[in-house]
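Trainee: Coordinates for the following, if possible.
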Amino acid sequence: MRILEQEPLGAHTTFRIGGPASFYMIPENAEEIREGIRFAKERGLPFITIGRGSNMLFPDEGYHGVAIEIGSGMNQIEYCGAGKIRAQAGALLSAIASEAARHSLTGFEFAGGIPGTLGGAVVMNAGAYGGEIKDSILSARVMDSAGNESCLNQEQLELGYRTSVIQKRGDLVLEAEFQFETGDPEEIRETMKELSAKRRDKQPLEFASAGSTFKRPEGHFAGKLIEDAGLRGYRIGDAQVSEKHCGFVVNRGHATAKEVLAVICDVQKKVLESSGVMLEPEVKIIR
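Mentor: Residues are numbered from 1 along each chain as shown. The predicted structure is shown next:
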């Protein structure tokens, strides 16, 4: 297993922000993940798992611990027949969506443009354009902080809006299995093409970001509340509320975590003052 020291986390997150991790590991199987956990515990260090780092903000000072990347080393996708697909936690959601489409399976088109891996998507029950992970997942194999493995079915996963029992327990995902319906191949391709065009049109893909910065408040849309508070384009340094979609805080080039956090804090304060709604960050802020 590759073990890197003082590895810049900005190189491993879609925000392109974050100082060095004390140790950075890229395991290729569950046993190597256990080795990484043991490595951290033997040194009295905390550990954290990341995939593509698409929903995370690390501090500028870095992470004094062990970062375990469940990504390129564990990204296998397998079509099991009868509408089932099994994928490892490091598999890209876009790759899983493409595999489903290749077998004329419908139900995962929404995930084709989400820039993340399966592990994090299951942990937070990722969703977009009316679809969520919980709609098609059958089960997930997980590991707890002691290295013990277990398999949880759909009900046991307790998937809700951007939450799961995995998140509550602090476990990590190793792999998951999905069940899909057979659909019309042309309709599936067309839906994926339409959603991709919609993302390009409405989301600030030209800048680095962690995706939607805030969770959707009940009965509201975060982006609309932020725009109504007069914060479109609000900027501190290179951290900015996107001019294209107010639900995104973007890195215009050299933003620091401190600047992003300052923008998030100001947005929360001003939206609360203007609407009475307290926005909750969707991005995982690592302290």
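
Trainee: in the protein, which spans are helices?
Mentor: 30-42, 93-102, 118-123, 154-157, 165-169, 185-202, 222-228, 257-275 (DSSP state H).

Trainee: Show me the shaky parts of the stretch 151-287 of the chain.
Mentor: Applying pLDDT under 70 to the stretch 151-287 of the chain picks out no residues at all.

Trainee: From Ile286, how far out is the nearest residue to Lys270 once chain neighbours are set aside?
Mentor: Computed as CB to CB, 6 or more residues apart in numbering, the closest residue to Lys270 that is not its neighbour in sequence is Ala229, at 4.7 Å. Every C-beta, even on glycine, is put in place using the N, C-alpha and C of the backbone. The gap separating Ala229 from Ile286 is 27 Å, by CB to CB, to the nearest Å.

Trainee: Who has more neighbours out of the two?
Mentor: Taking neighbours as other CB atoms under 10 Å, Ala229 and Ile286 compare with Ala229 leading, 22 against 19.

Trainee: Next, give phi and psi for the residue nearest to Lys270.
Mentor: Main-chain dihedrals, Ala229, degrees, to the nearest 10: phi -80, psi 0.

Trainee: For it, list the residues it contacts.
Mentor: Val267, Lys270, Val271, Glu273, Ser274, Ser275 (CB atoms under 8 Å, 6 or more residues apart in numbering).

Trainee: ok, the spatially most central residue of the chain - contacts?
Mentor: For the chain, Asn55 is the residue whose C-alpha lies nearest the centre (CA atoms, centre = their mean; 4.3 Å). Applying CB under 8 Å, 6+ apart to Asn55 gives the contacts Gly116, Gly120, Met124, Ala210, Gly211, Glu282, Val283, Lys284.

Trainee: of these, buried ones?
Mentor: For the contacts of Asn55, a burial check counting by 16 or more other CB atoms under 10 Å picks out Gly116, Gly120, Met124, Ala210, Gly211, Glu282, Val283, Lys284.

Trainee: tell me which of those is nearest to Tyr63?
Mentor: Nearest to Tyr63 among these is Lys284, at 12.3 Å by CB to CB.

Trainee: For Ile48, see how far away that closest one is.
Mentor: For Lys284, the distance to Ile48 - CB to CB - is 9 Å.

Trainee: Repeat that for Asn251.
Mentor: In terms of CB to CB, Asn251 sits 21 Å off from Ile48.

Trainee: More neighbours: which of the two?
Mentor: Remark: of Asn251 and Ile48, Asn251 carries more neighbours, 25 against 17, as counted by other CB under 10 Å.

Trainee: so the more buried one bridges to which residues?
Mentor: Ala208, Ala239 (DSSP bridges).

Trainee: Buried by neighbour count: which residues of stretch 210-225 qualify?
Mentor: Neighbour count says stretch 210-225 has Ala210, Gly211, Ser212, Thr213, Phe214, Lys215, Arg216, Ala222, Gly223, Leu225 buried, by 16+ other CB under 10 Å.

Trainee: and of those, the nearest to Asp201?
Mentor: Of the buried residues of stretch 210-225, the one sitting nearest to Asp201 (CB to CB) turns out to be Gly223, at 14.3 Å.

Trainee: hmm, back to that, tell me which of the helices of the chain sits nearest to Pro20.
Mentor: helix 257-275 (12.9 Å).

Trainee: returning to that earlier point: for Ala146, state which of the contacts of Asn55 is nearest.
Mentor: The closest of these, once distances to Ala146 are taken by CB to CB, is Gly120, at 21.0 Å.

Trainee: Grab the nearest non-local neighbour of that closest one.
Mentor: Closest to Gly120 by CB to CB, 6+ apart is Gly51, at 4.8 Å.

Trainee: could you check the distance from that neighbour over to Leu4?
Mentor: 17 Å.

Trainee: what do you get for Val165?
Mentor: In terms of CB to CB, Val165 sits 32 Å off from Leu4.

Trainee: of those two, who's got more company?
Mentor: For Val165 versus Leu4, neighbours defined as other CB under 10 Å are more numerous around Val165 (17 against 14).

Trainee: For that one, list the residues it contacts.
Mentor: Val165 neighbours (CB under 8 Å, 6+ apart): Leu152, Gln156, Leu157, Glu158.

Trainee: same thing with Met56?
Mentor: Thr13, Phe15, Ile50, Ala210, Val283, Lys284, Ile286.

Trainee: isn't the first one right up against Ser54?
Mentor: Yes. With contact defined as CB atoms under 8 Å, Thr13 counts as touching Ser54 (7.5 Å).
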